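A.B. asks: okay, sequence plus prediction incoming.
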Amino acid sequence: MFEYFARLLDTKALAPHGICLFWRPELLWTHVISDVLIFGAYMTIPIALAVIIRRRRDVPFGWMLWCFALFITACGFTHLMGIWTLWNPDYGIEALVKIVTALASIGTAIALWLLIPLAVSIPTPADLKLVNEELRQRIAERDLAIAELQHEKAQRQRSEEALAQSRKMDALGQLTGGIAHDFNNLLQAVQGSLELIGRKAADAAKVRQLAEGAMHAAERGAKLTAQLLAFARSKQLKMEPFVVSDFVLGARDLLAGAAGNLIDLRFDLESDDAAVLADRTQLELALLNLVINARDATPPGGRIVVSARRVDLPAGDPDLPPGEYVELRVADTGSGMSAEVRGRAFEPFFTTKGVGAGAGLGLSQVYGVVKQAGGVARIDSAEGEGTTVILLLPVTTHTAREEPEAAEAPTADARKGVVLVVDDDADVREFAAAALDTFGHTVVQAPDGGEALASIEASPPDAVLLDYAMPGMTGAEVAKIIERSHPKLPIIFMTGYADAAALEPVLGRNALVLRKPFRVDELNFALAGALARRAAGGS
């Protein structure tokens, strides 16, 4: 093999190719120029193929382009050797270049034949156009299906809401008698006490006792109304952070009184400084309802345990995301619940008590308050084995605030002024006027927004006590007009309207609102504060 290549490269007995052309310049340079142009063109083809391959790495037969580039490069060098051998008889090197070219050409040819099925299967522009049309049609069908699905979803949601409202109304209709019975009891206490006050007006001690009884009955009615609003999720809750263990300890006396002397009430608090974000008053009412329910279901000598602990909820819970929660439990050793009762326990107006013994709002109020705080309420119970109600509330990162100090009552020399009382209910107007007169204020009354605005334009008062829900012109509309013409005039809303959040667009979140029913002292304190702020330059 070595001798073969030695003889192949031996040029001693050979003459250059130019001698065959008799060294005629026109022939020599015609060959040289032609071979140079062919070599240059051949060299650009591999470069162009390399650029294509690098930019289109997705081409399935890029290897074939590399084979073709090698073949073209070898062909170019055969023409370069044609120029070289005109003056140099290196025909052995030229033969080696041709061998490489032959191998590249054979490999390229074989690969090209193998590539034919793949090349033929490449979609034509017409095929791509057809596929694109089919794709557009499928996209249009998908969009139509999504639109129909959204429409069906909206219809289903409306149907579910209507069904839920229908169930509420049906349950309310079934228990109207019980609710009316509760309110009649309250009204009887109020009406009877007021009648006796009229008969025994000279007996100051007896009048005070009867007034306290009427006030107690009115407060019971206010609590029942608060339960109804919490269930309807229309009551604007005051969300604040507080430590659960401190909260339960603060309500300990209240819960003990609700449990009575015949029940062993115990506390097991392990939640340390874990704080939650909820409405303190509503959660206290919820806890009170749970203890009362447990007391009613537990025979004398039984036990109720109120416990609180911090828990880590793993992923996979059907109702809550993973994280830290405070688990507040009320467990009793009472009669327990059947599966049917347990499944309906949180339904509004559902009760197992007799007519007049309960309105069926206790557990539904508990459920509503806990849900609004971002948690969930659950029941673990079986007949004869007692009941445990579990409240899971997410731990908040907000810092729990200290208990607010009791507000000081207005001083005897508190600022007096002219107060415009606007309410469509004559009884409410007369009550407010009498209360304000007791504290030394001058009172002007108006039954609606139109008369109120006319009175203000004629003689602006020092403050306005304004009802929210009035026919013709609402309190919000009246307040907007007053704000434009008298921006410094204090406005105090008094309302029993469920959606008190509607007041926020009028005066923002700092709106001064008295919730009906309110106490005389609350009215006096709110008005004294408003007049003091106005005197100090506030709005």
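C.D. replies: Cool, the structure landed. Computed from a predicted structure; not experimentally measured.

A.B. asks: A452: neighbour count?
C.D. replies: Around A452 there are 27 other residues, counting by other Cβ atoms under 10 Å. For every residue, glycine as well, the C-beta is placed using N, CA and C.

A.B. asks: now do R378
C.D. replies: 17.

A.B. asks: quick check: phi and psi on the most centrally placed residue in the chain?
C.D. replies: Nearest to the mean C-alpha position of the chain, by Cα atoms, centre = their mean, lies G374 at 10.0 Å. Dihedral angles of G374 (phi, psi; degrees, to the nearest 10) stand at phi 90, psi 10.

A.B. asks: against D143, how distant is it?
C.D. replies: From G374 across to D143, the span is 36 Å (Cβ to Cβ, to the nearest Å).

A.B. asks: next: A432.
C.D. replies: 60 Å.

A.B. asks: of the two, who's got more company?
C.D. replies: Legend: neighbour count by other Cβ under 10 Å for A432 and D143, higher for A432 (25 against 10).

A.B. asks: so the more buried one touches K516, yeah?
C.D. replies: No - with contacts counted by Cβ atoms under 8 Å, A432 stays clear of K516, the gap being 10.6 Å.

A.B. asks: what residues are shared contacts of those two?
C.D. replies: Counting by Cβ atoms under 8 Å, 6 or more residues apart in numbering, the residues touching both A432 and K516 are M494.

A.B. asks: may I see the domains of the chain written out as residue ranges?
C.D. replies: Following automatic domain parsing, the chain resolves into domains at 2-121, 129-230, 238-394, 418-535.

A.B. asks: ok, and what's touching whichever strand or helix holds V389?
C.D. replies: Using DSSP states H and E, V389 sits in strand 387-394. For strand 387-394, the external contacting residues (Cβ under 8 Å, 6+ apart) are 244, 276-278, 286, 290, 293-294, 297, 311, 313, 320, 323-332, 334, 336-337, 363, 366, 370, 373-381.

A.B. asks: hmm, back to that, mind pulling up the pLDDT for the residue nearest to the centre of the chain?
C.D. replies: For G374, the model assigns a pLDDT of 87.

A.B. asks: measure the closest residue to it other than its chain neighbours to D312 for me?
C.D. replies: Of all residues not flanking G374 in the chain, P394 sits nearest, at 5.0 Å (Cβ to Cβ, 6 or more residues apart in numbering). The span separating P394 from D312 equals 12 Å under the rule Cβ to Cβ.

A.B. asks: neighbour-wise, which of these two wins?
C.D. replies: Higher neighbour count among P394 and D312: P394, with 19 against 9, using other Cβ under 10 Å.

A.B. asks: partner residues bridging that one?
C.D. replies: Y325 (DSSP bridges).

A.B. asks: could you check how far it is from A373?
C.D. replies: 8 Å.

A.B. asks: intersection of neighbour lists for those two?
C.D. replies: Joint contacts of P394 and A373 (Cβ under 8 Å, 6+ apart) are V276, L277.

A.B. asks: helix, strand or coil for M470?
C.D. replies: coil (DSSP: H, G, I helix; E, B strand; the rest coil).

A.B. asks: gap between it and E212?
C.D. replies: Counting by Cβ to Cβ - M470 and E212 are separated by 32 Å.

A.B. asks: tell me which of these two has more neighbours.
C.D. replies: M470 (20 against 11).

A.B. asks: now stretch 332-347: average pLDDT?
C.D. replies: 81.

A.B. asks: residues making contact with that stretch?
C.D. replies: Outside stretch 332-347, the residues touching it (Cβ under 8 Å, 6+ apart) are 167, 171, 294-295, 297-299, 302-305, 350, 352, 360, 363-364, 366-367, 377, 379, 381-388.

A.B. asks: ok, then the element right after the helix or strand of the chain with the lowest mean pLDDT?
C.D. replies: Ranked by mean pLDDT, DSSP states H and E, the weakest helix or strand in the chain is helix 504-507, scoring a mean of 56. As assigned by DSSP H and E, the chain's next helix or strand after helix 504-507 is strand 513-515.

A.B. asks: in strands, which of the contacts of stretch 332-347 fall?
C.D. replies: R303, I304, V305, A377, I379, S381, T387, T388 (DSSP state E).

A.B. asks: let me know the closest of these to R55.
C.D. replies: Using Cβ to Cβ, A377 is the member of the ones in strands among the contacts of stretch 332-347 that lies nearest R55, at 63.1 Å.

A.B. asks: for ChimeraX, write the select line for the buried members of the contacts of strand 387-394.
C.D. replies: Selection of buried members from the contacts of strand 387-394 for ChimeraX, criterion 16 or more other Cβ atoms under 10 Å:
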select :244,276,277,278,286,290,293,294,297,313,325,326,327,328,329,330,331,332,334,336,337,363,366,370,373,374,375,376,377,378,379,381
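
A.B. asks: what's the burial count for A476?
C.D. replies: With other Cβ under 10 Å as criterion, A476 counts 20.

A.B. asks: that one reaches M470, doesn't it?
C.D. replies: No - the pair formed by A476 and M470 falls short of the contact definition of Cβ under 8 Å, at 9.9 Å.

A.B. asks: helices of the stretch 251-400 of the chain, start to end?
C.D. replies: With DSSP state H, counting those that start in this stretch, the ranges of helices along the stretch 251-400 of the chain come out as 252-259, 280-297, 339-344, 362-372.

A.B. asks: so which of those helices gets nearest R7?
C.D. replies: Judging these by Cβ to Cβ, what sits closest to R7 is helix 362-372, at 99.5 Å.

A.B. asks: quick one: list the elements packing against that closest one.
C.D. replies: Helices and strands touching helix 362-372, by 3 or more Cβ pairs under 8 Å, 6 or more residues apart in numbering; DSSP states H and E, are helix 204-232, strand 275-279, helix 280-297, strand 376-381, strand 387-394.

A.B. asks: and the gap between the nearest residue to P299 once chain neighbours are set aside and A258?
C.D. replies: Closest residue to P299 apart from its sequence neighbours, by Cβ to Cβ, 6+ apart: G334 at 7.1 Å. G334 is 15 Å from A258, where distance means Cβ to Cβ.

A.B. asks: I'd like to know how many residues surround A69.
C.D. replies: 20.

A.B. asks: helices or strands up against the one helix or strand it maps to?
C.D. replies: Using DSSP H and E, the element containing A69 is helix 62-87. Other helices and strands packing on helix 62-87, by 3+ Cβ pairs under 8 Å, 6+ apart, are helix 25-55, helix 91-121.

A.B. asks: now it against helix 25-55, angle please.
C.D. replies: Angle of helix 62-87 versus helix 25-55, following axes from the mean of the first three to the mean of the last three Cα atoms, to 10 degrees, is 160 degrees.

A.B. asks: for the record, mean pLDDT for helix 62-87?
C.D. replies: Computed over helix 62-87, the average pLDDT equals 86.

A.B. asks: list the buried residues of stretch 22-33.
C.D. replies: Result for stretch 22-33 [16+ other Cβ under 10 Å]: buried residues L28, H31.

A.B. asks: redo the helices and strands packed on helix 62-87 as TSV? Include distance to E270 and mean pLDDT.
C.D. replies: Formatted as TSV, the helices and strands packed on helix 62-87 follow (distance: least, Cβ to Cβ, whole Å; pLDDT from 0 to 100):
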stretch	distance to E270	mean pLDDT
helix 25-55	67	88
helix 91-121	72	83
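
A.B. asks: between these, which one is nearest to V418?
C.D. replies: helix 25-55 (85.8 Å).

A.B. asks: list the buried residues of that closest one.
C.D. replies: Under 16+ other Cβ under 10 Å, the buried positions of helix 25-55 are L28, H31, D35, I38, F39, Y42, I45, P46, L49.
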